[in-house]
Structures are given as C-alpha cells and as structure tokens.
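K.L.:
Give me the fold of what follows.
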Amino acid sequence: MITALAVVRVTSLFATAMFSGVFSLLSAVLFVGLDAVDVAFTEAAVGAGISTVLVLGTLALTSRHEKPSKASPVVPLFVVLVTGAALVYGTMDMPNIGSDTSPAQTHVSPDYLERSVHEIGVPNVVTAILASYRGYDTLGETAVVFTAGIGVLLLISGLRRRREDDNESEEEGGTS
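P.N.:
Residues are numbered from 1 along each chain as shown. From the prediction side, this is the model:
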C-alpha cells in the first residue's frame, strides 16, 4: 500500500518509474507466497524488468516531472472507491486460500490430475497444464514479453539516433 501511494503522490517521473518497479517486485513476492510461481516470474520479468526499462526509455525522450493537473480529483477518486468496494464485496464469500473445500481443490485439481497423463501424454501435470490446457494463455504471455522486448529495442534505437542527431547539430553549430 505504501508503494502504491508513493506511485500516486510523487511528481518526479523517475521516482514514479522506480516505485512502479518496486511495486511489481513486491507483487511477484506475493504471488510466490500464493504458490503461483509462474505468475510471479512473469510479473517480475514483465512488470519489474521490461516495463521499468520501457518507462525509463520513454523518460529519456520526455520531461522529468509531471505537469500539474487542472482537473479535480474528486470524480476519479469516487470511481476508484466504488470499484474497490465492489471488488471487496465480490470477494466476501470466497473460500480461504488453500482451503481443501474450495472448488479448485474439489473439482478442477482432481480432474487435471486424473486426465492429464492420459490426454496429453506428459507425466508432469504442471507442464501439461501450462503447455496444453493453458496453451493460449502461455502463448499470450510469451507474446507480451516479445512485444515488450521489441518496444525496448525500438526505444533504444530511437534514443541512439536522437543523440547522434544532437551531436551532429552541435558539431555544425560549433564550426559556424
């Protein structure tokens, strides 16, 4: 919560980028604690790694500080509070984390454990789920990482060209 508030309150865009990266790393730690290591790895790689590099690359091409907003923050704050209240209300009847009586433990897990070896032919159930049952999801995550990597390369090449153009204009201005 403190990191999220820092992201919202800080006016330095560099500090905001750093706090966003820290927030992503803390989220990855939370996912590891929830035994969702694949999601934690993706969050750490995309959220903390590639996204932070993209934002820092963008900051190299823009200003360093946020411009003050002229709009009132009351309406966005109201929308956030109503949405947050709806999300909290929607989770009130969820089972506790790791509960043996949760639908995931009583319906989904036994079905995957029973069918995956025969249907997929892979003895490792986690691999079978990620590669086959959740294949499109895994493909989507891979596409996101690939797209972010291409974006970083484009930003870096644009920054390099901009610096070369600046150096050329300085050399021409100095010889006149």
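
K.L.:
quick one: the residue nearest the centre of the chain and residue 53, what's the gap?
P.N.:
Central residue of the chain (CA atoms, centre = their mean): residue 47, 3.3 Å from the mean position. From residue 47 across to residue 53, the span is 11 Å (CB to CB, to the nearest Å). Any C-beta I mention is one placed from the backbone N, CA and C, and that applies to glycine too.

K.L.:
do the same with residue 113
P.N.:
Relative to residue 53, residue 113 is positioned 39 Å away (CB to CB).

K.L.:
Same question for residue 114.
P.N.:
Noted for residue 114: a distance of 43 Å to residue 53, by CB to CB.

K.L.:
which one of these two has more residues nearby?
P.N.:
A count of neighbours by other CB atoms under 10 Å puts residue 53 above the other of residue 114 and residue 53, at 18 against 11.

K.L.:
Do I have it right that that one meets residue 152?
P.N.:
Yes: here residue 53 reaches residue 152: they are 5.4 Å apart, a contact under CB atoms under 8 Å.

K.L.:
okay, now the residue lying closest to the residue nearest to the centre of the chain once chain neighbours are set aside: neighbour count?
P.N.:
Of all residues not flanking residue 47 in the chain, residue 24 sits nearest, at 3.1 Å (CB to CB, 6 or more residues apart in numbering). For residue 24, the count of nearby residues is 20 (other CB under 10 Å).

K.L.:
same thing with residue 129?
P.N.:
20.

K.L.:
Spit out the contact partners of it.
P.N.:
By CB atoms under 8 Å, 6 or more residues apart in numbering, the contact list for residue 129 reads 112, 116.

K.L.:
does it count as helix, strand or coil?
P.N.:
Taking DSSP: H, G, I helix; E, B strand; the rest coil as the rule, one finds residue 129 in the helix state.

K.L.:
Distance-wise, check it relative to residue 44.
P.N.:
Using CB to CB, we find residue 129 at a distance of 21 Å from residue 44.

K.L.:
next one: residue 64
P.N.:
For residue 64 relative to residue 44 (CB to CB), the value is 26 Å.
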